[in-house]
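Next comes the sequence, and after it the predicted model I'd like to discuss.
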Amino acid sequence: MIRDFLAFGYLQARACIFAGSFFGLLFVSTLIDVPGIHRYDLILLGALLIQLVLVVTKRESVDELKMIAVFHMAGLLFELFKTHPDIGSWSYPEDGFTKVWTVPLYSGFMYSAVGSYMSQAWRLLDLKLNNYPNRWVTVGLSAAIYLNFFTSHFVYDIRWWLLVAVFVVFGTSSVSFTPLARTYRMPVSLSFLLIAFFVWVAENISTLFGAWQYPNQAEGWAVVEWHKIVSWSLLVIVTFVLVVDLKHFKAEQT
């Protein structure tokens, strides 16, 4: 049992290799100043280098890189909307040559880090899904969740109804994982919440390092509001469904 727990922790750390490297990059970027290069641009260059090293050393496959690129683009679109002056959910106050309107291009890597973790964990822990819902149901639910992040600024926010739908749709689903020889099982809904909690912790670290800024952090850093865990839980579901569908699509092609 203890050996399995230690192995689980080790494999989780390996699955977070890109996310951990990216946090290290954020920290280092607060300590150094390269003449002629804005910090946001330096972070982008560093993130691209990390990604290149992971692929060259085969820590990430080309297929995983393609998946990460999808998450990067979806995250960038999300960022462009949320940081628009009329929305103002958060901001990137520093200058940068690699900013598209108000958003630095490195921001997409923060979303692809979650996708990278899920993809790595799937392979390292030999994940298997039990009683997984119909694909069209999960795709429809994840699409509704993603769209609600946009439409909630103009019409009624249905995130709590969507959260109820998540428990209904995934209520009997579980994920099996094997750290060593013994296989364990966890409700899928619980895994969403646990991942979202750790993403929220990572979000606090990221804002502490100035990766972005919420309105209540304009006068100084403050803990990210706890209800963001709900938002992250919903975004984790979108990521999870996309990873599952891409994994299934790849399996069907082989």
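Here it is on my side, so go on. Residues are numbered from 1 along each chain as shown.

residue boundaries of the helices in the protein?
Here the chain has its helices, by DSSP state H, at 2-15, 17-29, 39-56, 62-82, 108-124, 135-151, 159-169, 188-208, 228-253.

list the buried ones in the third one?
Think helix 39-56. Neighbour counts over helix 39-56 (16 or more other C-beta atoms under 10 Å) mark 39-44, 46-47, 50-51, 54 as buried. From N, CA and C alone the C-beta is placed, and that goes for glycine too.

Nearest to E94 among the helices of the chain would be which one?
Of all the helices of the chain, it is helix 39-56 that lies closest to E94, at 5.7 Å by C-beta to C-beta.

gap between the closest one and the chain center?
Offset of helix 39-56 from its chain centre (C-alpha atoms, centre = their mean, to the nearest Å): 17 Å.

Distance of the residue lying closest to F27 once chain neighbours are set aside relative to F150?
Spatial nearest neighbour of F27, excluding adjacent residues (C-beta to C-beta, 6 or more residues apart in numbering): F209 at 5.7 Å. According to C-beta to C-beta, to the nearest Å, F209 stands 28 Å off from F150.

more neighbours, these two?
F209 (17 against 13; other C-beta atoms under 10 Å).

Tell me the confidence at the residue nearest to F27?
You'll see F209 listed with a pLDDT of 91.

Could I get the contacting residues of it?
In this structure, F209 makes contact with 23, 26-27, 29-30, judged by C-beta atoms under 8 Å, 6 or more residues apart in numbering.

Nearest to V236 among those?
F23 (17.9 Å).

correct me, but the closest one touches S206?
Yes - contact criterion C-beta atoms under 8 Å: F23 and S206 qualify, at 7.2 Å.

K99 is in contact with T83, correct?
No - here T83 lies out of contact with K99, judged by C-beta under 8 Å, at a distance of 10.1 Å.

Between those two, which contacts overlap?
Y92.

what about the residue sitting furthest away from the middle of the chain, distance to L42?
Going by C-alpha atoms, centre = their mean, the residue of the chain most distant from its centre is P35, 31.4 Å out. Distance, P35 to L42, by C-beta to C-beta: 11 Å.

cool, L65 as well?
22 Å.

Kindly report the same for F5.
In terms of C-beta to C-beta, F5 sits 38 Å off from L42.

now F167
From F167 to L42 the distance is 42 Å (C-beta to C-beta).

same question, Y10
31 Å.

can you check V155 too?
Taking C-beta to C-beta, one finds V155 at 40 Å from L42.

again with F23
15 Å.

H153 now?
From H153 to L42 the distance is 32 Å (C-beta to C-beta).

swap in G75?
20 Å.

Equivalent analysis for L246, please.
31 Å.

in this structure, what spans have low per-residue confidence?
248-254 (pLDDT under 70).

at 80 what do you get?
Across the chain, the ranges flagged by pLDDT under 80 are 1, 246-254.

mind listing what P85 touches?
Counted by C-beta under 8 Å, 6+ apart, P85 has contacts T102.

Distance of it relative to T207?
20 Å.

cool, and N134?
N134 is 38 Å from T207, by C-beta to C-beta.

do the same with D33
As defined by C-beta to C-beta, D33 lies at a distance of 20 Å from T207.
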